[in-house]
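In: Got a predicted structure plus its sequence, pasted below:
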Amino acid sequence: MKPQMENRAMSMNDFIQDYLSNKDEGLKALVTFFLNLVMQYEAEQQAVAGRYQRTEPRKSTRNGSKPRVLHTRPGELTLEKPEFREKSFVCE
């Protein structure tokens, strides 16, 4: 199962250009994108289905996401934490 990328607008070249023009902000954007992608993947694994998929073994349905702040050395990152209707999302 491949996670669906929410923010397809930024390409790898955009991340590189952002990093080269402002290392701190570029790094924050790259880490934020990566961690959001990891959480989307984990959500699909926990639900046993991708977003908008209807499958027999599905354990839970998605209920959007909530912004959460992660404090890091480069600064605060605002991540989109997936939400489920039937259970809590757990980062592993």
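Out: On my side now, so go ahead.
In: Let me know the secondary structure of the spatially most central residue of the chain.
Out: What sits nearest the mean C-alpha location of the chain, by C-alpha atoms, centre = their mean, is Asn36, with 1.7 Å. Going by DSSP: H, G, I helix; E, B strand; the rest coil, the secondary structure assigned to Asn36 is helix.
In: next one: the one 3 residues further on
Out: The local conformation at Met39, judged by three-state DSSP, is helix.
In: Any buried residues in the helix or strand Phe33 falls within, and which?
Out: Under the criterion DSSP states H and E, the helix or strand holding Phe33 is helix 23-47. Within helix 23-47, the residues that count as buried by 16 or more other C-beta atoms under 10 Å are 26-30, 32-33, 35-36, 39-44, 46-47. C-beta coordinates here come from the backbone N, C-alpha and C atoms, glycine included.
In: Which strands and helices lie in contact with the helix or strand of the chain at the bottom of the mean pLDDT ranking?
Out: Among the secondary structure pieces of the chain, namely its helices and strands, helix 12-21 has the lowest mean (mean pLDDT, DSSP states H and E), a mean of 81. Under the contact criterion of 3 or more C-beta pairs under 8 Å, 6 or more residues apart in numbering; DSSP states H and E, helix 12-21 touches helix 23-47.
In: Give the rounded mean pLDDT of the helix it packs on.
Out: Regarding helix 23-47, the rounded mean pLDDT is 87.
In: how big is the angle separating that helix from helix 12-21?
Out: Using axes from the mean of the first three to the mean of the last three C-alpha atoms, to 10 degrees, the inter-axis angle of helix 23-47 relative to helix 12-21 is 140 degrees.
In: quick check, distance from helix 23-47 to the centre of its chain.
Out: Shown here is helix 23-47, whose average C-alpha point lies 4 Å from the average C-alpha point of the whole chain (C-alpha atoms, centre = their mean, to the nearest Å).
In: Give me the three-state assignment for the residue of the chain most remote from its centre.
Out: Relative to the centre of the chain, the most outlying C-alpha is that of Glu56, 24.7 Å out, by C-alpha atoms, centre = their mean. Under three-state DSSP, Glu56 falls in the coil class.
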